[in-house]
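Chemist: Next comes the sequence, and after it the predicted model I'd like to discuss.
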Amino acid sequence: MRMILFVVAAVLWGASAAEAQGDPRSGRVIARSWCTGCHLVEPAGLGSDTAPPFAVIANDPARTPPRLKRWLANPHPPMPNLKLTPREIDDVVAYLESLKKKK
């Protein structure tokens, strides 16, 4: 019985950990919808350049995933509060992470 509970707990924990990482494809869709008015959200140049491009944000070592998540949850002007859900925030951060240059 304990073994079954352990296996179920491990599977559930693994699923929640995977969900917490976010989906970069979904994050890209969200960014295209909400962020292109101010940011270049894709390397191909979709969006505006009034705010830092997503590639620059992604490759700034000071902008860690936890810091980006806090910022998106409670942004300060001039960035509008988009009222993203925690899942949407995870997805956008996952998309940003996908833009990091490989070392």
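Modeler: Alright, I've got the coordinates. Numbers count the residues shown, from 1 in each chain.
Chemist: Name the helix or strand for the residue nearest the centre of the chain, please.
Modeler: The chain has residue 93 as the residue nearest its centroid, 1.4 Å off, counting by C-alpha atoms, centre = their mean. Assigned by DSSP states H and E, residue 93 falls within helix 86-98.
Chemist: hmm, back to that, surely the residue nearest to the centre of the chain touches residue 27?
Modeler: Yes - counting by C-beta atoms under 8 Å, residue 27 is a contact partner of residue 93 at 7.0 Å. (Each C-beta comes from the backbone N, C-alpha and C, glycine too.)
Chemist: shouldn't residue 89 be in contact with residue 70?
Modeler: No - applying C-beta under 8 Å as the test, residue 89 and residue 70 come out as separate, 9.3 Å apart.
Chemist: neighbour count winner among the two?
Modeler: residue 89 (20 against 12; other C-beta atoms under 10 Å).
Chemist: who touches that one in this structure?
Modeler: 22, 69, 72, 73 (C-beta atoms under 8 Å, 6 or more residues apart in numbering).
Chemist: same deal with residue 63?
Modeler: Residue 63 is in contact with 57, 96, counting by C-beta under 8 Å, 6+ apart.
Chemist: could you redo the last one with a cut-off of 10 Å?
Modeler: Under the criterion of C-beta atoms under 10 Å, 6 or more residues apart in numbering, the contact list for residue 63 reads 52, 56, 57, 71, 93, 96.
Chemist: quick one: secondary structure of the second one?
Modeler: Translated: residue 56. Three-state call for residue 56 (DSSP: H, G, I helix; E, B strand; the rest coil): helix.
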